[in-house]
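> turn this into a model:
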Amino acid sequence: MDKQKMYDFVAQATGKCRLLVVGDVMLDKYYYGEVTRISPEAPVPVTRVLSQKETLGGAANVAHNLALLGCQTQIAGYVGDDYHCQSLTDKFTARGIDFRGLIHTDRPTTTKLRVIGGHQQMLRLDFEEADPMTGEYAQRLQNYVSTRLSEGVDGVIISDYGKGACTPETCQAVIKCCHAQGVPVVVDPKGTNWGKYSGADYITPNFKELNAVLPEKIKNQDAAIEQAARYVMGKFGIKQVLATRSEYGMSLVTKMEAKHIPTKAQEVFDVSGAGDTVIAVFTLGLAGGLAPEICAYMSNMAASVVVAKVGTYAVSKEELLAVLR
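Presented below is the predicted three-dimensional model:
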């Protein structure tokens, strides 16, 4: 694999790429603390909060990865008129992410609040309404995507977290707009209704997500993964599959061949956010004209940085250059 080509692309060419992320925009909130006693009010641990942070999550984390890599990044999705939305837009502004595609709705901004005691997640609170988004809000989102594509975009990512943004109607509208403009569209799937992604150039399921849509469960082995990917391509009308396989790396399956890429050996702390990094780096490479196999290898290297961190994390250009070096 030509590491020099990847290194040169990340160092010199990412700033020329224009990518649009469409999907479930979220805010991730963390409270970190220590636990030394049980509450006298109920049999639950008391966490003394020592620090807190807010980060971009879901589709917003995909955009965050792209922005940190120097890409011209646009985000489209739904938010509410609340504090969490303001926190999101402040972070988008700080990172140079174009958020004109955020549609303000009467729902809360999807937010996940986690309480961490030591390195152990103890509690999660979700602020959300996850029913499928239809009607005027959905039409406004689809119209925005169509407009941005006509103005010039090099690639589109559909980031589905099952929070209502990625309905069959919206996914198909986005995919058709992309095809009309000759723009590649890559999907991070959720659930089992993959028919809504029909026509997508690539889909990037993890092993669990892939297994969920198969008639019979498979083992995490090269031949089985290839066979499963071809089943998905045939049944759902998806052109190519990039399957992430945890400690077994990833597999890129096209009509002509399959490439199995081993993972980079290291200590793993947290896989949350790794899928966002994979789809961001893979699509960025495609937008920059790199071969799919090179894009897959580069995204695998980027994911190796993310899984060594705790919590949602976006890889920077400097970190990716370091691991490529």
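
> need the contact list for N220.
By C-beta atoms under 8 Å, 6 or more residues apart in numbering, the residues touching N220 are 207, 245-246, 248. Just so you know, the C-beta spots here come from the backbone N, C-alpha and C atoms, and that holds for glycine as well.

> which residues are contacting the longest helix along the chain?
Looking across the chain with DSSP state H, the single longest helix is helix 135-151. Applying C-beta under 8 Å, 6+ apart, the contact partners of helix 135-151 are 20, 22, 74, 76-78, 100-101, 103, 105, 133, 156, 165, 167, 169-170, 173-174, 177-178, 180-181, 183.

> next step: those restricted to helices.
Counting by DSSP H, the contacts of helix 135-151 contribute 169-170, 173-174, 177-178, 180-181 to helices.

> if we take these, which one ends up nearest to L290?
Nearest to L290 among these: C178, at 18.6 Å, using C-beta to C-beta.

> drop anything exposed from the ones in helices among the contacts of helix 135-151.
The neighbour-count test (16 or more other C-beta atoms under 10 Å) marks 170, 173-174, 177-178 as buried among the ones in helices among the contacts of helix 135-151.

> and the residue of the chain most remote from its centre, which of the three is it?
Most distant from the centre of the chain: P40, at 41.3 Å, with distances by C-alpha atoms, centre = their mean. Following DSSP: H, G, I helix; E, B strand; the rest coil, the label given to P40 is coil.

> that one and V46: what is the separation?
9 Å (C-beta to C-beta, to the nearest Å).

> check contacts around the residue nearest the centre of the chain.
The structure's the chain has its C-alpha centroid closest to D276; by C-alpha atoms, centre = their mean the separation is 2.8 Å. Contact analysis of D276 by C-beta under 8 Å, 6+ apart lists 58, 61-62, 64-65, 159, 188, 312, 314.

> will you turn the residues you listed into TSV that also has neighbour count, pLDDT and distance to Y202?
Output for the contacts of D276, formatted as TSV (neighbours: other C-beta atoms under 10 Å; pLDDT from 0 to 100; distance: C-beta to C-beta, whole Å):
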residue	neighbour count	pLDDT	distance to Y202
G58	27	95	19
N61	27	94	19
V62	31	96	14
H64	28	96	20
N65	30	94	16
S159	30	98	13
D188	31	97	10
T312	24	68	23
A314	26	84	20
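
> where does pLDDT dip in the stretch 151-300 of the chain?
Filtered on pLDDT under 70, the stretch 151-300 of the chain yields the residue ranges 264-273.

> please enumerate the strands of it.
In the stretch 151-300 of the chain, strands defined by DSSP state E, counting those that start in this stretch lie at 155-159, 185-188, 202-203, 240-244, 250-253, 258-261, listed in chain order.

> put the alpha carbons of the first one into CSV.
The C-alpha coordinates for strand 155-159 follow below in CSV (Å, rounded to 0.1, in the frame of the first residue of the first chain):
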residue,chain,number,x,y,z
GLY,A,155,-18.9,13.7,-1.9
VAL,A,156,-21.9,13.1,0.4
ILE,A,157,-22.1,11.1,3.6
ILE,A,158,-25.4,9.9,4.9
SER,A,159,-24.9,9.3,8.7
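
> quick check: neighbours of it in the sheet, parallel or antiparallel?
strand 18-23 (parallel), strand 185-188 (parallel) (DSSP bridges).

> so how far is that strand from its chain's centroid?
On the basis of C-alpha atoms, centre = their mean, to the nearest Å, strand 155-159 sits 9 Å off its chain's mean C-alpha point.

> what sits up against it?
So strand 155-159 is contacted by 17-24, 58-59, 62, 145, 149, 166, 171, 174-175, 178, 183-188, 197, 200, 276, 279-280, 283-284, 286-287 (C-beta under 8 Å, 6+ apart).

> could I get the strands of the stretch 151-300 of the chain as TSV with distance to D82?
Formatted as TSV, the strands of the stretch 151-300 of the chain follow (distance: least, C-beta to C-beta, whole Å):
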stretch	distance to D82
strand 155-159	21
strand 185-188	25
strand 202-203	32
strand 240-244	33
strand 250-253	37
strand 258-261	41
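
> A strand includes A130, no?
No. Under three-state DSSP, A130 sits outside any strand and is assigned coil.

> P292 versus that one, what's the distance?
32 Å.

> out of those two, which sits in the busier spot?
P292 (18 against 14; other C-beta atoms under 10 Å).

> the residue lying closest to the more buried one once chain neighbours are set aside: what's it in contact with?
In space, P292 comes closest to L252 once its chain neighbours are excluded; the distance is 6.1 Å by C-beta to C-beta, 6 or more residues apart in numbering. For L252, the contacting residues are 240-242, 258-259, 261, 292-293, 296, by C-beta under 8 Å, 6+ apart.
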